[in-house]
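Enquirer: Here is my input, please return the structure:
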Amino acid sequence: MKEKLSEEEFYASLPRKRMGAGVIFLNEEQKVLLVKMSYKDGWGIPGGVVDAHESPLQGALREVKEELNLTISKETLSLVCLGYYSGSGHKTESLQFMFYGGILIQEQIENISLQEDELTEYRFFEKEEAIPLLSNPKLGKRVRKSFEAIEKNTFYYLDN
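Expert: Numbering: from 1, shown residues only. Sure, this is the predicted structure:
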């Protein structure tokens with residue numbers, strides 16, 4: 001018979017998953033905002049790792065503020081895609097949340113100020129042009145499904 005665990009021991013024994021949150025922004029021409037990262041090849045979506053004791057929504061808001069110096073309200077964001085990825089090798093399993101941040105007006109775009117130690121450039125791309133520029137195929141699939149979710153006003157879940 002298994003020894004009874006205290007509540008603290010029980011929760012400490014449960015698995016932990018990495019989480020990330022990204023935000024898709026469009027401009028008035030329906031082009032998507034991509035950011036060029038200094039620490040890896042390819043382009044990405046504004047966002048990053050969700051910190052401990054932070055919700056995916058809070059992480060998305062924080063990352064947008066840190067990376068772009070844009071302050072947006074939580075009501076602005078809507079969840080459009082969630083991807084689950086099992087671990088392999090040195091990568092632990094993860095949940096990747098993709099939010100839609102709406103359309104940035106010209107004034108917001110002009111006020112973008114990049115986080116210099118992480119990002120080197122930002123640019124708006126046609127949606128079809130953006131997908132192959134992204135840093136990895138899994139991100140590309142999440143972004144593609146996010147575009148579809150935005151157009152259909154729905155949500156997608158991706159598993160591996």
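Enquirer: Angles on the backbone of the most centrally placed residue in the chain, please.
Expert: Geometric centre of the chain, nearest residue: residue 22, 1.4 Å, by C-alpha atoms, centre = their mean. Backbone torsions of residue 22, given as degrees, to the nearest 10, read phi -120, psi 160.
Enquirer: who's in contact with it?
Expert: Taking C-beta atoms under 8 Å, 6 or more residues apart in numbering as the criterion, residue 22 is in contact with 44-48, 60, 63, 96-99, 139, 142. Where C-beta positions appear, they are placed from N, C-alpha and C, glycine not excepted.
Enquirer: go on, residue 141?
Expert: Residue 141 neighbours (C-beta under 8 Å, 6+ apart): 83, 158.
Enquirer: Distance of it relative to residue 114?
Expert: 26 Å (C-beta to C-beta, to the nearest Å).
Enquirer: can you tell me the distance between the two ends of stretch 71-88?
Expert: Length of stretch 71-88, first residue to last, C-alpha to C-alpha, to the nearest Å: 36 Å.
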